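> compute the structure for the input listed below.
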Amino acid sequence: MKRLLSILFFICITTSVFAQADKILGTWLSADKKAHVEIYKTASGTYYGKIIWLAEPNDPATGKPKVDSKNPDASKRNSPLLGSLTFLNFTYDNGDYTGGKIYDCRDGKTYTGKLWLNDDGTLSMRGYIGFLYSTETWTRLK
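Numbers count the residues shown, from 1 in each chain. Here you go, the predicted model:
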């Protein structure tokens, strides 16, 4: 009986932790309001975010869909921005999403990152270069 209660207690705690971790899932409006990013969980339990909407999806100069023109990898510079990954390989740890990378297509740079949910339901995203960092706050879309 004690063993059964221990197993049930462990399952309840584990389920609660996973439910907390998955609160980040969904679609978010970027701080500059120019993109929607869908955050999803992979089968391995890591979190990724991809661009699913752009306020200006086409390049005004060409009329064609915007591409990742500032990507440091020349082979990816013609890849469409829609569908591209901006959050890569984050793991949940005690209220924060850490260990991942943030790719900023605006400057073509990849930053060490940290994500966390705020009490008001917004998402904070922090990118680091060494000890310097920048933080943006994103809003969940319904």
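> stretch 39-59: end-to-end distance?
25 Å (C-alpha to C-alpha, to the nearest Å).
> which residues touch it?
For stretch 39-59, contacts defined as C-beta atoms under 8 Å, 6 or more residues apart in numbering pick out 22, 24-28, 33-38, 64-67, 81-92, 97, 100, 105, 115. C-beta: built from backbone N, CA, C; applies to glycine.
> got phi/psi on the closest residue to Gly121 other than its chain neighbours?
Nearest non-adjacent residue to Gly121, counting by C-beta to C-beta, 6 or more residues apart in numbering: Arg140, 5.9 Å away. Arg140 adopts backbone torsions of phi -70, psi 140, taken as degrees, to the nearest 10.
> residues contacting Arg140?
Here Arg140 is in contact with 26-29, 121-123 (criterion: C-beta under 8 Å, 6+ apart).
> over to Thr27?
Counting by C-beta under 8 Å, 6+ apart, Thr27 has contacts 36-39, 52, 140-141.
> poorly predicted segments of this structure, please.
Applying pLDDT under 70 to the chain flags residues 1-19.
> what sits opposite Met125 in the beta ladder?
Under DSSP bridges, the beta-bridge partners of Met125 are Leu115, Glu136.
> wait, it touches Thr112, no?
No. With contact defined as C-beta atoms under 8 Å, Met125 does not count as touching Thr112 (11.8 Å).
> shared neighbours of those two, anything?
Joint contacts of Met125 and Thr112 (C-beta under 8 Å, 6+ apart) are Ile102.
> who has more neighbours out of these two?
Met125 (23 against 15; other C-beta atoms under 10 Å).
> follow-up on the earlier one: in strands, which of the contacts of Arg140 appear?
26-29, 123 (DSSP state E).
> of these, just the buried ones, ChimeraX syntax please.
In ChimeraX, this line selects whichever of the ones in strands among the contacts of Arg140 come out buried by 16 or more other C-beta atoms under 10 Å:
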select :28,29,123
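> tell me the one of the ones in strands among the contacts of Arg140 nearest Asp73?
Nearest to Asp73 among the ones in strands among the contacts of Arg140: Trp28, at 25.3 Å, using C-beta to C-beta.
> returning to that earlier point: can you redo the contacts of Arg140 as CSV with distance to Tyr48?
What follows is the contacts of Arg140, written out as CSV (distance: C-beta to C-beta, whole Å):
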residue, distance to Tyr48
Gly26, 13
Thr27, 13
Trp28, 13
Leu29, 18
Gly121, 21
Thr122, 20
Leu123, 14
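> right, I'll leave it there.
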